[in-house]
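Q: sequence? don't have it. structure:
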């Protein structure tokens, strides 16, 4: 297996500004290995609020915790592919953490 080059099929979804658990389905394409990867990401979101609204304006920030990354990998013919050594998972994790935790 070649080093995966993952690109999302669509733009990555944005988190909603509300507390709770948010689940997304994100489809990736790996051109190097000719794979399609269907990914389900679970993110816990909490709102951190500072300021009192009078002397100091409200500042609301999202605190994000990636709870789970579940994925299924297929070749372009629709056959299931096993992720040997977790190579695809590591690339998925890097992309998802970069986008959602920063």
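A: Thanks, I have the structure now. This structure is a prediction, so every number in the text was calculated from the model and none was measured. Residues are numbered from 1 along each chain as shown.

Q: Could you use CA atoms for every contact and neighbour count after this?
A: OK.

Q: Now the residue of the chain most remote from its centre: which helix or strand?
A: In the chain, the residue that sits farthest from the middle, by C-alpha atoms, centre = their mean, is residue 55; the gap is 37.3 Å. Per DSSP states H and E, residue 55 falls between elements, in no helix or strand.

Q: can you pull out the strands in this protein?
A: 6-8, 20-30, 35-50, 59-75 (DSSP state E).

Q: Need those strands in CSV (columns: mean pLDDT, mean neighbour count and distance to residue 91).
A: Below are these laid out as CSV (pLDDT from 0 to 100; neighbours: other C-alpha atoms under 10 Å; distance: least, C-alpha to C-alpha, whole Å):
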stretch, mean pLDDT, mean neighbour count, distance to residue 91
strand 6-8, 94, 17, 7
strand 20-30, 95, 17, 10
strand 35-50, 93, 17, 11
strand 59-75, 92, 15, 12
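
Q: now the ones you listed as JSON lines including distance to residue 86?
A: Formatted as JSON lines, the strands of the chain follow (distance: least, C-alpha to C-alpha, whole Å):
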{"stretch": "strand 6-8", "distance to residue 86": "14"}
{"stretch": "strand 20-30", "distance to residue 86": "14"}
{"stretch": "strand 35-50", "distance to residue 86": "13"}
{"stretch": "strand 59-75", "distance to residue 86": "11"}
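
Q: No more questions from me, cheers.
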